[in-house]
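# quick one, structure for this:
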Amino acid sequence: MSRKAALTVVSGLVGNGAPPPQPRVPRRGPIRPTRGGFRLVVRLLPGQVPADFVKAAPAMAEAWQVHGVRVTSWRPGYVRLAASVADPLTMPRVLAQRDSGRLLSVAVGVLESGVAWVVDLRQIPHWLIVGATRSGKSTLINALVAGLARQLVALVGIDCKGGMELSLYESRLSALATNRAQAVRLLAALVDLTLDRMELCRSARVRNVWGLPTGEQPVPVVVIVDELAELFLVANRSEKDEAHAAGTALIRLAQLGAALGVFLVVAGQRVGSDLGPGVTALRAQLGGRVCHRVADPGTAEMALGDLNPDALKAAQAIRPDQAGTAVLASGDGWERARSLLVSETDAETTAAAHAHLTPQLPELRAAVNGPDSAKPGPTAVAVIERLDLDTEK
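A predicted model of the protein is given here:
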């Protein structure tokens, strides 16, 4: 199959004089096979930019008779073209079901390149997941929880829709808040736990909990927030104070948590700046982003717009019939991916089967269920006031 004819699509240069200049074909490197197709590196001609190749990618896919061509900048003056013969996201392969074998790392699906999609909280500690109803957001959370449930980590849930979603995993949760008042108290307790760990690391003269001796390392805590908008939407003054307290605590956890073994997975159908400035500030701290099909462009913009415009365009192109398909992005780049189909029943069964691994964190359970369930710590109001003072500084 000739690659030269397809490359002429982006090779024309505008010149002066007659006759018109003949197209020049950019020079390319060797064609290297991949799991699902092939890739090659192309050297840009004078006057060309990577956007020229991005625009011509559909034409190259047609000329090469492949499913799609992905264009990425390789280094100044060069682009990398990756061709996929077929869509690997049509049927996620079994390889993604395998345990990644590393603490806080879970294989949840398949990347467009054909390899396993692994969410590694040690590498990217905080994630934002957005998606409309039936887009695959809940399925991804099911896969993530089912994988983490098998590990010795504490799972903490915040589901202000009365616990309709996260209560499925309650047997494996160290604490679960089902309304905003409980969420504020739980988040305050989590901040207090984080500050205690900070003092522990300071006393031991280490930079993070992973530098502590093995027997002294505290259990990792993964906080899952379902439907972020329920925390920030307000109808009166008292709700505004609660929303501000919740947002401040989440931002504080995102700033400090990675080094202290506290990780955030924040999900929502709609996430926009109209929910308040706290949402934008929180978004900036969530380095990993997953965008399924969304109902409004503002949510996709909030999830991906600050990271990569190409990722934003790819997310906006997801069709309603592509449930489970998402665009994931971080500071390192972006990929199309699809999560494994993990049903609510499967996730609930997995959580129940590993309930014996649930770490007991009485200070968190007491924040939700009241002081009778554990010894009380600093009040939620005191912690939130301290957070506000720290933020103002």
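
# domain map for this structure?
Here the domain assignment for the chain is 4-84, 94-392, based on automatic domain parsing.

# from Arg28, how far out is Ser113?
From Ser113 across to Arg28, the span is 20 Å (CB to CB, to the nearest Å). C-betas here are computed from N, CA, C, even on glycine.

# quick one, which of these two is more surrounded?
Taking neighbours as other CB atoms under 10 Å, Ser113 and Arg28 compare with Ser113 leading, 19 against 16.

# what segments of this structure are helices?
4-7, 50-64, 137-149, 180-204, 229-232, 237-260, 277-285, 297-304, 309-316, 344-353, 362-369, 380-392 (DSSP state H).

# the longest one packs against which elements?
Helices and strands touching helix 180-204, by 3 or more CB pairs under 8 Å, 6 or more residues apart in numbering; DSSP states H and E, are strand 154-159, strand 173-177, strand 221-226, helix 229-232, helix 237-260, strand 262-268, helix 362-369, helix 380-392.

# contact partners of the third one?
Pointing back at strand 221-226 there. If you take CB atoms under 8 Å, 6 or more residues apart in numbering as the criterion, strand 221-226 is touched by 104, 121, 141, 144-145, 148, 153-161, 165-166, 174, 190, 193, 231, 250, 253, 261-268, 361.

# got a list of what the spatially closest residue to Arg197 that is not a sequence neighbour touches?
Spatially, and ignoring its direct neighbours in sequence, Arg197 is nearest to Leu260 (4.3 Å; CB to CB, 6 or more residues apart in numbering). Neighbouring residues of Leu260 by CB under 8 Å, 6+ apart: Thr194, Arg197, Met198, Cys201, Asn208, Val209.

# what's the span of stretch 320-333, first residue to last?
Chord length of stretch 320-333, first to last residue, is 25 Å (CA to CA, to the nearest Å).

# what's the spacing between that stretch and its chain's center?
Centre-to-centre, stretch 320-333 and its host chain are 9 Å apart (CA atoms, centre = their mean, to the nearest Å).

# show me where pLDDT drops low in this protein?
Applying pLDDT under 70 to the chain flags the ranges 1-22, 91-101, 371-393.

# again, only this time at 80
Scanning the chain for pLDDT under 80 picks out the ranges 1-24, 35-36, 87-101, 113-114, 235-238, 273-274, 276-277, 331-332, 370-393.

# just the domains of the chain: most buried one?
Most buried of the domains of the chain by mean neighbour count (mean count of other CB atoms under 10 Å) is domain 94-392; its value is a mean of 19.

# run through the bridge partners of Gly333.
Taking DSSP bridges as the rule, Gly333 bridges to Ser330.

# tell me the spacing between it and Leu190.
From Gly333 over to Leu190 (counting by CB to CB), the distance is 31 Å.

# before we move on, what about Gly268?
Distance, Gly268 to Leu190, by CB to CB: 19 Å.

# what of Ser273?
25 Å.

# try Ala243
According to CB to CB, Ala243 stands 17 Å off from Leu190.

# one more: Val221?
7 Å.

# anything in contact with each of the two?
Shared contacts of Val221 and Leu190, defined by CB under 8 Å, 6+ apart, are found at Val156, Val262.

# dump the residue contacts of the closest residue to Asn179 other than its chain neighbours.
Nearest-residue entry for Asn179: Cys160, 5.7 Å, with adjacent residues in sequence omitted and distances by CB to CB, 6+ apart. By CB under 8 Å, 6+ apart, the residues touching Cys160 are Ala177, Thr178, Asn179, Arg180, Ala183, Asp226, Glu227, Glu230, Leu231.

# recalculate using a threshold of 10 Å.
Residues near Cys160 by CB atoms under 10 Å, 6 or more residues apart in numbering: 177-183, 225-233, 246.

# cool, and Gly298?
By CB under 10 Å, 6+ apart, the contact list for Gly298 reads Arg270, Val271, Gly272, Ser273, Asp274, Gly305.

# between those, which sits nearest Gly68?
Within the contacts of Gly298, the smallest distance to Gly68 is 22.7 Å, found for Gly305 (CB to CB).

# now that closest one: phi and psi?
Dihedral angles of Gly305 (phi, psi; degrees, to the nearest 10) stand at phi -60, psi -30.

# that one contacts Ala311, doesn't it?
Yes - contact criterion CB atoms under 10 Å: Gly305 and Ala311 qualify, at 8.8 Å.
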